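S.K.: Build me a model:
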Amino acid sequence: TNARIEAVNTKIRLITRIAYGFHDPHALIALIALAMLTLGGYRPPLPGRN
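M.R.: Prediction:
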C-alpha cells in the first residue's frame with residue numbers, strides 16, 4: 001500500500017505549514033534540515049541533557 005509514502009507526505013506538509021511565513025532563504029534551509037531530522041530518525045543529543 002501507499003501508507004508509508006502518504007505518512008511521509010503528510011509530515012512534510014506539516015513541516016511546510018510550520019515554516020510558512022518566514023520570508024527568508026534561510027527558512028528553506030531550516031525547513032530541509034527539520035524535514036531530515038524529523039523523517040530521518042536521527043536523534044542528536046541535546047545540550048545539558050543526559
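
S.K.: Return the residues in contact with the residue nearest the centre of the chain.
M.R.: Compute the mean C-alpha point of the chain, and by C-alpha atoms, centre = their mean the closest residue is Ala35, 2.4 Å away. Applying C-beta atoms under 8 Å, 6 or more residues apart in numbering to Ala35 gives the contacts Lys11, Ile12, Ile15. For every residue, glycine as well, the C-beta is placed using N, CA and C.

S.K.: Sort out which of those residues are buried, if you could.
M.R.: Ile15 (16 or more other C-beta atoms under 10 Å).

S.K.: In helices only, show me the contacts of Ala35.
M.R.: The helices, defined by DSSP state H, take in Lys11, Ile12, Ile15 from these.

S.K.: Could you say which helix or strand holds the residue nearest to the centre of the chain?
M.R.: helix 25-40 (DSSP states H and E).

S.K.: mind listing what's buried in the helix or strand of the chain with the lowest mean pLDDT?
M.R.: The weakest-scoring helix or strand in the chain, judged by mean pLDDT, DSSP states H and E, is helix 25-40 (a mean of 76). Residues of helix 25-40 classed as buried: Leu31, Ala35 (neighbour count, 16+ other C-beta under 10 Å).

S.K.: Understood, closing this out.
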